[in-house]
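**Q** Fold the following for me, if possible:
(4 chains)
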2 protein chains.
Amino acid sequence: MTRRSSSVSVTIRDVAKKAGVSVATVSRYINRNTPVSPKVARRLDKVMAKLKYVPHAAARHLASRKTRVIGLLLTNIDNDFFAPLLNGAEQIVRKEGYNLLVATYHSDNRDSLPPPIGPHNTDGLLVFADSLTDDDIKNLHTSGFPMVLIHRTPPDSLPISSVTVENKSATYKLIEHLIVHHNKKRILLMRGPGHQEDSYWRETGYKAALEANGIPVDEELILDGEFERDIAFEALSHFLSDGRRIEFDAVFAGDDDAAIGVINALSDNGYRVPEDIAVVGFDDLRLSAFLSPPLTTVRAPTETVGQIAAEKLFGLLKNEVSDGITLLPTEIIIRRSCGCDS
Amino acid sequence: MTRRSSSVSVTIRDVAKKAGVSVATVSRYINRNTPVSPKVARRLDKVMAKLKYVPHAAARHLASRKTRVIGLLLTNIDNDFFAPLLNGAEQIVRKEGYNLLVATYHSDNRDSLPPPIGPHNTDGLLVFADSLTDDDIKNLHTSGFPMVLIHRTPPDSLPISSVTVENKSATYKLIEHLIVHHNKKRILLMRGPGHQEDSYWRETGYKAALEANGIPVDEELILDGEFERDIAFEALSHFLSDGRRIEFDAVFAGDDDAAIGVINALSDNGYRVPEDIAVVGFDDLRLSAFLSPPLTTVRAPTETVGQIAAEKLFGLLKNEVSDGITLLPTEIIIRRSCGCDS
DNA sequence: TGAAATAATGTAAACGGTTACAGTAACCGT
DNA sequence: ACGGTTACTGTAACCGTTTACATTATTTCA
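**A** Coordinates of the predicted model:
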C-alpha cells in the first residue's frame, strides 16, 4: 500500500505500461476516436478495471480544450421556480455525459467579483435573466462562446439563442378574466424586478388589458413585489396599513411566489380570498394547485424551458448555428383564487 | 482580429511578457502566496485588466492538483425538498470562492455508469442519502477523499463526517399527538424509500409511538409512498379502491411531498381532511403552511443542513479532522391537517 | 509476388498553469 | 566594508492528457 491514494494517482501511463501499449493507444481507446485492435481493447478493459483507472478531468480538459461541463447561472436558487428549471437542464446535461456547474450571480454585483463560471471552466453557459449584464453577454458573444439565454432575449438583437415564455398575452387574458368574469375594476399589480423581461411584459399585458376594457391605469395600484414571497408580503402589508386606504378588489401578484405573500398579507389583515379580494399569479408552481384557495395562474413550462435551453446549447456545441429565440406557449389556469369555483 | 477568441487564448505568458516579468511572478501575484513588489503588482493589475486575462481553470487544476470545485450528489432534483439544501450549500461554496457541481445519481444504477463526480473532478463531495452505495463511500474514504454525508450516517461506523436531522423522536411526538389529542387509533403510514435512513427512523418512531400507546402495529396499514407525491397518490388511491375497505382514521405520509399526494387521493375519494382523516407530514416545506388545510408536520432545517455540510467539507479541506455526525434538531409544527384549529 | 493502400500503433510536443530551486539586490549590524 | 539576512524574481521541470506526425504491420490486387 503506497502513501498516496491509488485512485487519484493512477495515470494513463500506468495503464499503458501494464497493458504493454503506448499512452496514445490508451487515450484513443478511452475516447473511441481511432479504432484499436480487439485484442488490445480487451486487455485495456481488464487493466483499467484492475487499476480502477479514472481519467483525470483537468488534464483532459487542458489537452483537449473541452471541459465537458456546462454552466447554469441563476440569479438565486431559493425559490420553487428554479427547481424545475434546474431539473430540466440537468436531465439533458446528464444524457449528454456532461456535468453541470451551478452558480448564482447577479448583474447588480458590479463592484465585486466576475461571474464564477465562464469560458475558463465551462464549454457553454445557460444564462438566466439578469444574472449577466448586457455587456457581459455581448463580450461572450463576440468571443464566440456558446451560450443560451433563459427568460430574456439577446441585447441589441444579437443572434444569440434564447428560450423564454409568452408573458404578455397570457397576462392579458388573466386580467381580462378578472374584469369580465368577476367584474373587477381596481386590480392591484405587484411588479417584478426592475430590469427583468418577464416583469416588463407582464406589466405591459396588465396595462393593455385594463385599457382595452376601459379601466384607467392607476399608478397607485402598482407595488413592487419583486417576484418574491417575503417582499410582496411586506409591500402589500405596508400598503394596507398605510393610512390612505386605497380601494382595490383584486391582485395580480406578478408570480406565484409573490402570490403566497399576497394571500398571507391579505388574510393577516382580515380579507378573505377570493370573496373580498381575488388573487392571481403566474408560473403555476408545483404548489399552486394546493394553496388555499387553489391559485388561478398561468402555466409556464419551466422544466421544458430548462430542457430546451440545454438542448440548444448542445446544438451550439455541435456547431449548429444559433436558431434564435424560442417562445414557449403559456396557458391560463383557472382555479379558485380568482373567484371561480372550479 | 485573430481567428481564435482572445479571451480564451491569453495566457499567463502573455501577461508576463507584457509586464516584463516571469510567469512565476505573475502566478505568485495571482495566488497571493509569495509577496511581489508594489511596483510589479500595479503593473500586473493594469496588464491583466487590459488583456482581460482569466486564468485557465484546467491548467490550474492540473498543476496545483486542486479543482476548487465541490460536488453535490443528489438522488433527484425535482422535489421541493432539494431547493433549500442546494441553496444552503451554494451559499457556503460561493463564500469560499469555490464552484458547485451538481449531479443526480442513484446507487441503484449499478449496471450503468460510475458517478459523474468524484476525485477526478472535485476536491470534495457532499453525498445525499443513497446517491452512493456503502461500497462507493468506503472506497472514497479509504482513498482519503474529503466527503460529508447528508441525511445518512457512515457505513460500518467509519469516521466520516455526516449531517442529518433527528427523525425518530419527532415522528414519535407527531404520532403521539394524533393519538392523544385526536384520539386516532388506525394511523396509516406511507413509508419512504427502502434503504433510506430517514425512512427507517420515521417508521421506527411511528411504531414506537403506537406501541407506547397500546396500539398494535398493523402491517396492512403500511404503504409505500417513497417520499414522492405521485407515488403516494397512486399507492393510497389503489388502497382506497381496493375491495377490502380497510379502516383508518389518520395518515402519516412520511414527508410533506407525499402528504400532498395523500391529501389529493383522499379528497378525490370523498374524504375530508382533517374531519374524516387527519394527515401529517415531515419536512415543513416552504409550501406546507399554505396547503389546504395547512399541514401539521415536522420542521427540518434543510437549508441549514446544506450550509453545515458544506462548512464541514471546507473544514476537511483545511485539514481539520472529521468531527463525526451532526444531528440537527427538528420540531413538530401543529397546523390544521391533524384536526387542530391553530 | 510485390507495390500500394489501409489499419493499428508509437513518439513526442503541446495544453497553461504551479512551484522547487537557484539566483540577485537591498539592507542590517558590527 | 563585509558576511548574513531578508525580499523578490527567474528558470525550468512537471501535472496527465490529447493528437499531429511518423512508423510498422497487414491487406489488397494486378
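
**Q** And the strands in the stretch 1-150 of chain A, which stretches?
**A** When secondary structure is read from DSSP state E, counting those that start in this stretch, the stretch 1-150 of chain A shows strands at A:69-74, A:99-104, A:124-128, A:147-150.

**Q** residue ranges with poor pLDDT in chain A?
**A** Where chain A drops to pLDDT under 70, the residues are A:1-8, A:109-112, A:342.

**Q** Just give the closest residue to the residue of the stretch 151-300 of chain A found nearest chain B, not the sequence neighbours.
**A** The minimum distance from the stretch 151-300 of chain A to chain B, using C-beta to the nearest C-beta, falls at residue A:292 (3.2 Å). Every C-beta, even on glycine, is put in place using the N, C-alpha and C of the backbone. Spatially, and ignoring its direct neighbours in sequence, residue A:292 is nearest to residue B:292 (3.2 Å; C-beta to C-beta, 6 or more residues apart in numbering or on different chains).

**Q** who touches that neighbour in this structure?
**A** By C-beta atoms under 8 Å, 6 or more residues apart in numbering or on different chains, the contact list for residue B:292 reads A:290-294.

**Q** For it, what are phi and psi?
**A** Note on residue B:292: its backbone torsions stand at phi -120, psi 110 [degrees, to the nearest 10].

**Q** ditto for residue A:327
**A** Dihedral angles (degrees, to the nearest 10) for residue A:327: phi -110, psi 110.

**Q** wait, isn't it in contact with residue A:169?
**A** No - look at residue A:327 against residue A:169 with C-beta atoms under 8 Å: they stay out of range, at 10.5 Å.

**Q** Using CSV, write out every CA atom in stretch A:297-315.
**A** In CSV, the C-alpha atoms belonging to stretch A:297-315 read as follows (Å, rounded to 0.1, in the frame of the first residue of the first chain):
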residue,chain,number,x,y,z
THR,A,297,-52.4,31.5,-12.5
VAL,A,298,-50.6,31.0,-15.8
ARG,A,299,-48.9,27.7,-16.5
ALA,A,300,-45.3,28.3,-17.6
PRO,A,301,-43.5,25.1,-18.8
THR,A,302,-40.4,25.8,-16.7
GLU,A,303,-38.9,22.3,-16.8
THR,A,304,-39.3,22.3,-20.6
VAL,A,305,-37.6,25.6,-20.7
GLY,A,306,-34.6,24.1,-18.9
GLN,A,307,-34.6,21.1,-21.3
ILE,A,308,-34.8,23.1,-24.5
ALA,A,309,-32.2,25.6,-23.4
ALA,A,310,-29.8,22.8,-22.6
GLU,A,311,-30.6,21.1,-25.9
LYS,A,312,-30.0,24.2,-27.8
LEU,A,313,-26.7,24.7,-26.1
PHE,A,314,-25.6,21.2,-27.1
GLY,A,315,-26.7,22.0,-30.6
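
**Q** With distance to residue A:11 and secondary structure added, can I get the contacts of residue B:292 in TSV?
**A** Below are these laid out as TSV (distance: C-beta to C-beta, whole Å; DSSP: H, G, I helix; E, B strand; the rest coil):
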residue	distance to residue A:11	secondary structure
A:290	54	helix
A:291	56	strand
A:292	60	coil
A:293	62	coil
A:294	59	coil
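
**Q** Among those, which pair sits farthest apart?
**A** Farthest pair in the contacts of residue B:292 (C-beta to C-beta) is A:290 and A:293. Separation: 10.3 Å.

**Q** Right, and DNA strand D sits closest to which residue of the stretch 101-250 of chain A?
**A** residue A:123 (13.1 Å; C-beta to the nearest atom of the strand).

**Q** what residues does chain A put near DNA strand C?
**A** A:20-25, A:28, A:34-37, A:39-40, A:59, A:62-63, A:65 (C-beta under 7 Å from any atom of the strand).
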